[in-house]
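**Student:** all I have is the shape, not the residue letters:
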């Protein structure tokens, strides 16, 4: 924005600079090429329907004996955790000597409409855990859940505690009805049955629009105005476009899984209140007796800190640790401060627990 009291000569100069940046930007955009998805070397070691299990190439000779399985949310794509070399949770963990696996959920289509939470948690996650255990001659591994994937990991640890050595959750909703939870407020009166019965799978674009609507000026208009200052810098522009690609890379959601998640978690808050059942298995948080590391973001507008911190005291674990990151939901994975703070905190915590 130009100051209202700017003199005509200064205004002309600013407009000239703005125009030059736009012209330079057109040239840069034309030469920038494809935008990469994930930067760390990996191998697909297991597939199951549309999901893929990745194993990342270690960066250290001395790696932790017990590997970590990262469980991402169903919304958006998991390469957020490995966006660029200098801002990658996965790369940071590899540098800490952690042996990293990750589940890529793929892109559900109409044939996946009837997949429910049992299919995802007691099906796909459980089979990936079994594969990793067999590959490493172990009977339990470490779980690291991100956002909704942290909720899934918590449920899995409650239903299969014998397979989880340590549980790490990051920006994870546990209490879905804290007063400052905007998403929860919107979800309370949603007729999710009508939505799923009408649409089948829930379009990823619809959910993405919902997330952008939570902070519309900053996440739409403002960032594109700020982008002008990046147009003559290929590296910064590429990083911006990489983030944009991730934001709008939104898979559709399997209808039945979406229905169950909205009803049981957002609307009924059964994970906290009790009575949650997935695939006929009771989800009792007191069954979680393994060590827990809970990493939350103090300025998270999607998962408020109190929604994450609610995990404290609900489980049967006697080894519970919280780490507060001074930033937002996405910043925990892509900011420079996050790279310096979060992977060392997770890696050190895991190493202390074998």
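**Tutor:** Structure's in. What do you need? Owing to the predicted nature of the structure, the values given are computational and were not obtained by experimental measurement.
**Student:** from here on, contacts and neighbour counts on C-alpha atoms
**Tutor:** Noted.
**Student:** any low-confidence regions in this structure?
**Tutor:** Across the chain, residues meeting the criterion (pLDDT under 70) sit at 1-7, 11-33, 35, 209, 211-234, 246.
**Student:** middle-most residue in this protein, spatially?
**Tutor:** Nearest to the mean C-alpha position of the chain, by CA atoms, centre = their mean, lies residue 146 at 4.4 Å.
**Student:** just to check, that one is in contact with residue 154?
**Tutor:** No - Residue 146 sits out of contact with residue 154 when judged by CA atoms under 8 Å, with a separation of 10.6 Å.
**Student:** overlap in contacts of these two?
**Tutor:** Listed as contacting both residue 146 and residue 154 by CA atoms under 8 Å, 6 or more residues apart in numbering are residue 169.
**Student:** returning to that earlier point: separation between the residue nearest to the centre of the chain and residue 295?
**Tutor:** For residue 146, the distance to residue 295 equals 10 Å [CA to CA, to the nearest Å].
**Student:** let me see the contact set for residue 258.
**Tutor:** Applying CA under 8 Å, 6+ apart, we find residue 258 in contact with 116, 202.
**Student:** how close does it get to residue 145?
**Tutor:** 18 Å.
**Student:** show me where the stretch 201-350 of the chain has its strands.
**Tutor:** Counting by DSSP state E, counting those that start in this stretch, the stretch 201-350 of the chain has strands at residues 277-278, 281-282, 292-297, 320-325.
**Student:** again with the stretch 1-150 of the chain
**Tutor:** Using DSSP E, counting those that start in this stretch, strands in the stretch 1-150 of the chain cover 42-48, 51-56, 68-71, 100-104, 141-146.
**Student:** what is the burial count for the closest residue to residue 336 other than its chain neighbours?
**Tutor:** Closest residue in space to residue 336, ignoring its immediate chain neighbours: residue 87 at 6.4 Å, by CA to CA, 6 or more residues apart in numbering. Neighbours of residue 87 under the rule other CA atoms under 10 Å: 23.
**Student:** list the contacts of residue 87.
**Tutor:** Residue 87 is in contact with 333, 334, 335, 336, 339, counting by CA under 8 Å, 6+ apart.
**Student:** of those residues, buried ones?
**Tutor:** Buried members of those, counted by 16 or more other CA atoms under 10 Å: 333, 334, 335, 339.
**Student:** can you tell me how far residue 346 is from residue 142?
**Tutor:** Going from residue 346 to residue 142 by CA to CA gives 11 Å.
**Student:** and for these two, which residues touch both?
**Tutor:** What both residue 346 and residue 142 touch, as defined by CA under 8 Å, 6+ apart, is the set residue 168.
**Student:** first-to-last residue distance for stretch 89-103?
**Tutor:** The first residue of stretch 89-103 is 15 Å away from its last residue (CA to CA).
**Student:** scratch that, stretch 320-330 is what I was asking about
**Tutor:** So stretch 320-330: terminal residues 24 Å apart, CA to CA.
**Student:** show me what counts as buried in it.
**Tutor:** By 16+ other CA under 10 Å, the buried positions in stretch 320-330 come out as 320, 322, 323, 325, 327, 328, 329, 330.
**Student:** how about stretch 201-210?
**Tutor:** 201, 202, 203, 204, 207, 208.
**Student:** pull the distance from it to the chain's centre.
**Tutor:** Relative to its chain's centre, stretch 201-210 lies at 16 Å (CA atoms, centre = their mean, to the nearest Å).
**Student:** likewise for stretch 238-247?
**Tutor:** From the chain centre to the centre of stretch 238-247 is a distance of 15 Å (CA atoms, centre = their mean).
**Student:** which of the residues in it are buried?
**Tutor:** Buried residues in stretch 238-247, counted by 16+ other CA under 10 Å: 238, 239, 240, 241, 242, 243, 246, 247.
**Student:** could you do stretch 42-59 as well?
**Tutor:** By neighbour count with 16+ other CA under 10 Å, stretch 42-59 contains the buried residues 42, 51, 52, 53, 54, 55, 56, 58, 59.
**Student:** rewinding a little: closest to residue 350 among the buried residues of stretch 320-330?
**Tutor:** Using CA to CA, residue 320 comes nearest to residue 350 of these, at 12.5 Å.
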